[in-house]
Structures are given as C-alpha cells and as structure tokens.
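**Student:** below are the sequence and a predicted model for it; my questions follow.
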Amino acid sequence: MKNSMIEKRLVRNNLKKNKFRNICAIIAIVLTSILFTSVFSVFFLLRDGFSEVEARKNGWTGHAVITGVTQKQFDSLKNNSLVEQISYYIHYGFILDKKKNLGVELRYDQKQMLDWNFFDIIEGKIPQKRNEILVSKDFFKRENIKYGINQKVELAYWINGSTYKQKFYISGIYSKCEVQKECVFISKELSNELSKKLKEQSDMNDSAAGLGAVEVKFQNTHHLQEDLTSLINQSTCDKQKNHYDINPIYESSDNSMKSEIIILCVLLVVVGFIGYLIIYNVFYISIRNDTRYYGLLRTLGFSKGEIKRLIRNEIYAISLIAIPLGVVLGYVISEVLLPKILALFQLSVKMNGFSIYIFIY
C-alpha cells in the first residue's frame, strides 16, 4: 500500500516536472489517433460511396427482386425470417400522352421502394390523398404546366385496356438516376381502389397490371443465391410465374469481402507501424532524457520492475487524455471535413455513423 502511494506520487510529480514533454507526447498520440480514425473512415466512406455509385448505375439497391407478386405472396415474403427489409411497387398502367399513346408508367411505390430505386423527392412529399401524384422534374414541361408543387393537372391514363380521366394535385417532385424510367406515382388510397377494380375484371390486356415487384434485403450478402432460393421455396410464390433475380452489384460480394479484409489488414499493419514509430520515439527520447532520474531511483532501492511500472503509469496517464481527444477530433474530421473534401471530386457521400470498427481499433 505504501509503495503504491509512493509510486502514484512519483508519477504525479514527474508529470508536473516534464510538462513540455507531456504536451509533445499528447500531441503525438492525438495525431496518431486522428491518423487511425481518418484513414479507416476514408476507407469505409469511399467503399460506401463507390457502392452507391454502382447501385445508381444499376438503378436499385435491394439484394434481390421478385416480380409478378400478389398481395398474398407479399405477405408470405415479408414474414419470412430470412428477410431483414422488404418493399414493393405495383404497376397499374400508363399515362396517355397528347396523341393518346401510352406514355410514362403509372404505379404505386412504398416510400422505401422510392429510396431504393433512387427516386429522390426534391420538393413536397409522397401522395397521401386519392387525387395526389408524385411526378418528375420533366413532367411539367411535357404537360405544359407551371413548375411547382400543388399544381392542378388533368390526366388521362390507361389501365388494362380501359381509359380513365382524373384531376390531380402534384404533392411532390422527384429526380431520378439515369437508368430509371420516368413514372407517375399515385397514393395508397387510389392504389387500393384500382386494385379492387382489376380484381373484378376477367380479361387482362396488361398481364402485369395490379401485380407488384418486390425488393428484399437479407441480413448479409454472403449467400444471396441460397437465401433467395430458400425464400422463394418457403413462400407462396410460383417459380413459373414469379421471376426473381439477384442484384448484379452483389453477385461478387464474397470476392469483394475478401478484398476488403485484405485491404483492411494492410492498412492495420501500415498505420499501426507508423503510429508505433511516432509514439515509441517520443517516449524513447523522453526516457533517455530522464536516465539520471531513473538511475537515482535505482540507487534509492527501486527495482527494474517498479521503474517500468512507473513509466507505464505515466504513459497510461498521458494516453487517458490523448486517445479520447484524438478519437473525437478524428470523428469530427471524418464526419465534417472529409465529405466536403470528397465533394470537390464529385464524390457526394457521407458517413453512415461513426464506425464501431474504427473505435475498437
């Protein structure tokens, strides 16, 4: 107990005596912590950013898609334990252009489906009422109406061979990625009404009318084909009528995972070695300068083990201040500065929260 009190007093006195050295050590550890967090944040940020770029090129982010889905089939899919997230859209028909030709698709999309298919709402909101629609930026020029939400427009639309006319209010405006086709999105209320009408019709001029396309996300991307096959087998889907496929951007996910692990291991070794050299040199120089002090302690009867413990306690005390400060500053840099820097290179990505892997490391 007495030795412990003496060691604590010696550590405290030595820290007070070597303020300049301690400041240098704190700065070195803070910079090293920032280096760790920044390097790995850049890795995860760029990985997510390039994944989104690839997804936008493909037009959707779900792990898999199943088409021609009925409501009963959707219910069996969404209740399956393999599914982590699920969303759908329902095709109804087409808007008729001024020459009475079939134009853009008329459909209902869940909000999640809009996001997964990169229909980004830039003004207003998704349709809530029967007479509300969500349209693209190009819609206004084509229909020759004033740009903006809450505009009133009369549309003729074709559903399963029948033509309807209705006045709508524009509740929202969206932008889309290049590969997606333009659509006019209706509300859930109108969707239910149209589905009911289609069920009453026996002749189907449009075999897809009233049927949905479902996108699912599984818990991970390691065995997508096996998971999708199991999901189809366990649901009420018909393998002959329902088409299903894996999103091409995930087809090489296992190889991508291996590549990520290799890159992370290389980064761990390189960044860890650099950090070790920085901190080791700071404390090595410090200990060399205190050689006489530690020699005096040896003369007073301190063992090598006790002196080593004194040095370790000093390092712990300094690290207790420096590491949290470095992690916080690294987080600020990763969350605020890096996205702005990457935006200069037209990489508009953002951190999806502070990665737990960076913090653990």
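**Tutor:** Everything's here; your move.
**Student:** low pLDDT regions in the stretch 201-350 of the chain?
**Tutor:** 252-260, 338-339, 341-350 (pLDDT under 70).
**Student:** for it, what spans make up the strands?
**Tutor:** Here the stretch 201-350 of the chain has its strands, by DSSP state E, counting those that start in this stretch, at 212-218, 244-246.
**Student:** which stretches in the stretch 101-250 of the chain count as helices?
**Tutor:** Per DSSP state H, counting those that start in this stretch, the stretch 101-250 of the chain carries helices over the ranges 111-116, 139-143, 188-199, 224-234.
**Student:** still on that earlier bit, the strands of the stretch 201-350 of the chain: which one's closest to Ser171?
**Tutor:** strand 212-218 (21.6 Å; CB to CB). From N, CA and C alone the C-beta is placed, and that goes for glycine too.
**Student:** residues in contact with the closest one?
**Tutor:** 60-71, 74, 77, 82-91, 113, 116-117, 224, 227-228, 231 (CB atoms under 8 Å, 6 or more residues apart in numbering).
**Student:** winner for burial among the strands of the stretch 201-350 of the chain?
**Tutor:** strand 212-218 (a mean of 23; mean count of other CB atoms under 10 Å).
**Student:** keeping just the C-alphas, turn it into CSV.
**Tutor:** Presented in CSV, the C-alpha positions along strand 212-218 are these (Å, rounded to 0.1, in the frame of the first residue of the first chain):
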residue,chain,number,x,y,z
GLY,A,212,-46.1,-5.9,-57.7
ALA,A,213,-42.3,-6.1,-57.9
VAL,A,214,-40.7,-6.8,-54.5
GLU,A,215,-37.2,-5.9,-53.5
VAL,A,216,-35.7,-7.6,-50.4
LYS,A,217,-32.6,-7.1,-48.3
PHE,A,218,-31.3,-10.1,-46.4
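**Student:** from the chain's centroid, how far away is that strand?
**Tutor:** 18 Å (CA atoms, centre = their mean, to the nearest Å).
**Student:** pairing partners for that strand, with directions?
**Tutor:** strand 64-69 (antiparallel), strand 83-96 (antiparallel) (DSSP bridges).
**Student:** only the buried residues of the one helix or strand Lys16 maps to, if you could.
**Tutor:** Taking DSSP states H and E as the criterion, Lys16 maps to helix 2-17. Of all the residues in helix 2-17, those buried under the rule 16 or more other CB atoms under 10 Å are Glu7, Leu10, Val11, Asn14.
**Student:** now do stretch 164-182
**Tutor:** Phe168, Ile170, Ser171, Gly172, Ile173, Tyr174, Lys176, Glu182.
**Student:** so how far is Lys98 from the nearest residue to the first one once chain neighbours are set aside?
**Tutor:** Of all residues not flanking Phe168 in the chain, Ile133 sits nearest, at 4.6 Å (CB to CB, 6 or more residues apart in numbering). Using CB to CB, to the nearest Å, we find Ile133 at a distance of 18 Å from Lys98.
**Student:** kindly report the same for Asp206.
**Tutor:** According to CB to CB, Asp206 stands 21 Å off from Lys98.
**Student:** more neighbours, those two?
**Tutor:** Asp206 (17 against 10; other CB atoms under 10 Å).
**Student:** can you pull the contacts of that one?
**Tutor:** Counted by CB under 8 Å, 6+ apart, Asp206 has contacts Gly93, Ile159, Asn160, Gly161.
**Student:** now, of those, which are buried?
**Tutor:** Using 16+ other CB under 10 Å as the burial test, the contacts of Asp206 include Gly93, Ile159, Asn160 as buried.
**Student:** state the distance from Thr124 to Glu132.
**Tutor:** Careful, residue 124 is Gly and not Thr. 9 Å.
**Student:** give me the common contacts of these two.
**Tutor:** Joint contacts of Gly124 and Glu132 (CB under 8 Å, 6+ apart) are Ile170, Ser171.
**Student:** among the two, which residue is more densely surrounded?
**Tutor:** Ranked by neighbour count (other CB under 10 Å), Gly124 and Glu132 place Glu132 first, with 22 against 17.
**Student:** I'd guessed Ala29 sits against Phe283; true?
**Tutor:** Actually, residue 29 is Ile. It isn't Ala. No - counting by CB atoms under 8 Å, Ile29 sits too far from Phe283 to count as a contact (9.8 Å).
**Student:** hang on, the earlier thing: make a markdown table out of the strands paired with strand 212-218 and add distance to Val269.
**Tutor:** Formatted as a markdown table, the strands paired with strand 212-218 follow (distance: least, CB to CB, whole Å):
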| stretch | distance to Val269 |
| --- | --- |
| strand 64-69 | 36 |
| strand 83-96 | 33 |
